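>>> Quick one, structure for this:
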Amino acid sequence: MLKKVFLFLVVLTITLVTAACSEDSSSSSNEDGDSSADAKQVLKIANDQEPAGLDPHKTPAHSSVRVYSKVYEGLVTFDKNMEIKGQLAKSWDQPNEQTYIFNLIEGVKFHNGREMTAEDVLYSFERILDEETASHIKSYFSNVDKIEVVDDYKIKFTLKEPSATFLNYLTNSSAAVVAKEVVEENGDLQQVAVGTGPFKFVEWIPDNSVTLEKNENYYIDGQPKLDEVIYYTMKEEAARLSAIRTGEIDMTTLTAKSASLLKDQENMNIIDYQSLEYSYVGFNVAKEPFNNEKVRQALSLATDRKSVADIVWDGDAIISGPVAPSMGDWAIDVTKEELYQRDIEKAKELLAEAGFPDGFKTEITTASTYADMVDTAQLLQQQWKEIGVDATINQIEWGEYIDTWSNTSADILIGRNGSGTDPDRALNYFFHTNGSANVWNFSNTEYDQLVEKGKQTLDHAQRKEIYNEAQRKLINLSPNLFLVSPMKYVAVNSTVKNFTPYPHNGEDITNVSKK
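Numbers count the residues shown, from 1 in each chain. So this is what the prediction gives:
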């Protein structure tokens with residue numbers, strides 16, 4: 001009897017195990033033989049710099065934007081064709097040229113569970129416009145006269161004058177709607193992030209990683225596909241190259257040289273596109289000798305931009321002005337401009353006229369963790385020697401670099417900027433006397449009047465003429481030397497699906513999934 005019971009239990013155990021294995025096998029494979037849709041979808045991205053903070057209203061660093069743009073949202077955004085579409089606003093009305101009324105999506109919740117309303121939009125823009133916030137996008141909205149809550153889901157903006165840029169600037173990742181109580185509880189938003197976006201902030205481990213998780217209550221059905229996104233800080237390109245090769249990460253940006261090393265590797269896709277970025281040399285024009293435009297012009301004439309493209313970017317960059325060539329007909333052909341023609345003798349003449357016949361000594365500051373910036377500094381150091389300019393190079397860490405940029409504490413700074421999606425950003429935001437990102441102490445009344453006129457002009461052809469003139473004037477005044485616009489390269493593991501970067505949005509992952 002005991003033997004029969006024992007045999008029965010053995011058979012029962014085998015049956016249960018077999019059934020469990022069969023059920024597990026069924027649930028872990030789909031009809032294509034891929035991993036289960038039930039498996040946790042984790043996207044691992046290498047970030048080339050540590051975030052400089054997570055406050056969207058205060059922090060312009062790309063290493064921060066790529067993180068907080070997944071957590072926060074604004075009223076409107078761009079689609080893949082650069083057409084403006086609603087985000088937190090489902091629609092908007094424009095009863096006249098100076099009035100915009102936004103109708104908000106109802107039922108959208110912050111990640112803390114509270115519903116987002118028009119009061120939050122009002123608070124967010126008041127915070128951006130508050131002098132104490134020191135927001136880097138304050139000048140974007142300097143034309144706003146009044147913001148009024150009409151009801152819980154409707155908000156009205158009244159402008160001082162017609163604007164060709166207002167809607168465009170609302171698409172900026174920093175024009176985000178934030179929760180007042182989170183700001184008040186933490187003082188700012190540099191270490192926390194509570195938005196309405198597709199991903200929720202989980203943790204930030206300094207010098208290691210930032211983790212985001214899926215917003216299960218996201219108001220758009222079916223988004224996001226991923227359960228988790230982890231940004232690993234990998235400052236050295238060699239480390240990022242190794243990590244993408246071994247599968248430690250799923251996605252990373254690389255230089256052209258490193259990307260070429262992966263072109264024959266299995267299970268790897270290399271995606272390239274012309275960026276909206278340009279590299280630059282920035283001068284503190286309040287300090288001698290850079291307060292003299294002839295000195296700045298001499299340095300421009302001594303700069304071989306083609307060599308910058310060929311040597312620093314391995315030929316995968318095009319000569320650029322303040323408006324990157326990828327912005328199409330907004331950008332002028334800068335290669336025809338006088339100050340883009342290398343002329344050592346003319347450069348020496350200008351230095352002599354400025355009172356420096358034998359040249360001068362100076363220091364170039366750049367970020368130690370960006371190889372292209374260091375290489376650019378070294379190349380310019382060599383080129384400028386030909387006109388008697390003796391430059392030393394100061395390489396500093398990323399956090400110090402951001403502070404140096406914002407505080408204008410370097411005489412010469414090598415960096416990269418983004419032209420944005422409207423020429424007003426490239427010309428007004430960075431170089432108007434009151435531009436939020438004018439960290440160069442640059443001021444020119446005629447230039448200010450020109451870019452102000454461009455911002456108020458609604459006719460495309462007329463705006464183009466105004467901005468063409470502004471670009472030429474800016475190149476002549478030379479508060480920055482504009483160098484080259486590089487190609488962007490993204491290495492992506494073939495298990496990553498539906499990733500398509502665009503110049504204006506290189507990292508949209510809301511529809512990305514893992515195979």
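>>> which residues touch the one residue sitting closest to the centre of the chain?
Nearest to the geometric centre of the chain sits His62, at 4.3 Å (C-alpha atoms, centre = their mean). His62 is in contact with 49, 418, counting by C-beta atoms under 8 Å, 6 or more residues apart in numbering. No exception for glycine: its C-beta is placed from N, CA and C like everyone else's.
>>> do you know how far it is from His136?
According to C-beta to C-beta, to the nearest Å, His62 stands 13 Å off from His136.
>>> now do Leu104
In terms of C-beta to C-beta, Leu104 sits 25 Å off from His136.
>>> now swap in Ala243 and tell me
From Ala243 to His136 the distance is 31 Å (C-beta to C-beta).
>>> The two: which is more packed in?
His136 (22 against 18; other C-beta atoms under 10 Å).
>>> Quick check: bridge partners of Ile412?
Residues in a beta bridge with Ile412, per DSSP bridges, are Phe283, Ile364.
>>> That one contacts Phe360, doesn't it?
No: counting by C-beta atoms under 8 Å, Ile412 does not reach Phe360; the two are 11.6 Å apart.
>>> Neighbour count for those two, which is higher?
The neighbour comparison of Ile412 against Phe360 (other C-beta under 10 Å) goes to Ile412, with 23 against 16.
>>> residues contacting that one?
Ile412 neighbours (C-beta under 8 Å, 6+ apart): 281-284, 290, 362-365, 391.
>>> ok, and the helix or strand in this protein with the lowest average confidence?
helix 2-27 (a mean of 38; mean pLDDT, DSSP states H and E).
>>> Mind giving me the packing neighbours of the helix or strand following it?
Downstream of helix 2-27, the next assigned helix or strand under DSSP states H and E is strand 42-47. With contacts taken as 3 or more C-beta pairs under 8 Å, 6 or more residues apart in numbering; DSSP states H and E, strand 42-47 sits against helix 62-68, strand 228-233, helix 237-246, strand 251-254.
>>> Kindly export strand 42-47 (C-alpha atoms) in CSV.
Taking Å, rounded to 0.1, in the frame of the first residue of the first chain, the C-alpha atoms of strand 42-47 are listed here in CSV:
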residue,chain,number,x,y,z
VAL,A,42,15.4,47.5,-19.4
LEU,A,43,17.3,49.9,-21.6
LYS,A,44,20.9,50.7,-20.6
ILE,A,45,22.4,53.9,-22.0
ALA,A,46,25.9,55.3,-21.5
ASN,A,47,25.9,58.9,-20.6
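>>> mind listing what's buried in it?
Buried residues in strand 42-47, counted by 16 or more other C-beta atoms under 10 Å: 43-47.
>>> Equivalent analysis for stretch 348-358, please.
Those would be 348-351, 354, 356, for stretch 348-358 by 16+ other C-beta under 10 Å.
>>> Over to that stretch now: how far is its first residue from its last?
9 Å (C-alpha to C-alpha, to the nearest Å).
>>> Residues contacting it, please?
Taking C-beta under 8 Å, 6+ apart as the rule, stretch 348-358 contacts 289, 292, 294-295, 297-298, 301, 359, 387-388.
>>> Reformat those residues as CSV; add distance to Val194.
Below are the contacts of stretch 348-358 laid out as CSV (distance: C-beta to C-beta, whole Å):
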residue, distance to Val194
Pro289, 48
Asn292, 49
Lys294, 51
Val295, 48
Gln297, 48
Ala298, 51
Leu301, 51
Gly359, 54
Ile387, 53
Gly388, 55
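>>> Out of these, who's the most crowded?
Of the contacts of stretch 348-358, with other C-beta under 10 Å as the count, Ala298 tops at 31 neighbours.
>>> same for the helix or strand harbouring that one, what does it pack against?
Secondary structure from DSSP H and E places Ala298 in helix 293-301. When contacts are defined as 3+ C-beta pairs under 8 Å, 6+ apart, helix 293-301 sits against helix 344-353, helix 460-477, strand 480-482.
>>> After that helix, which helix or strand is next?
helix 305-307.
>>> who's in contact with the helix or strand following that next one?
Remark: after helix 305-307, the chain's next helix or strand is strand 317-319, criterion DSSP H and E. Residues outside strand 317-319 that contact it (C-beta under 8 Å, 6+ apart): 274, 279, 305-306, 308-309, 325, 334-335, 340, 483-487.
>>> let's see it at 6 Å
With C-beta atoms under 6 Å, 6 or more residues apart in numbering as the contact definition, strand 317-319 has outside contacts at 305, 309, 325, 335, 484-486.
>>> I'd like these written out as TSV, with secondary structure added.
Below are these laid out as TSV (DSSP: H, G, I helix; E, B strand; the rest coil):
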residue	secondary structure
Arg305	helix
Ala309	helix
Pro325	helix
Thr335	helix
Val484	strand
Ser485	strand
Pro486	strand
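>>> Would you mind checking those residues for buried ones?
Buried among those by 16+ other C-beta under 10 Å: 305, 309, 325, 484-486.
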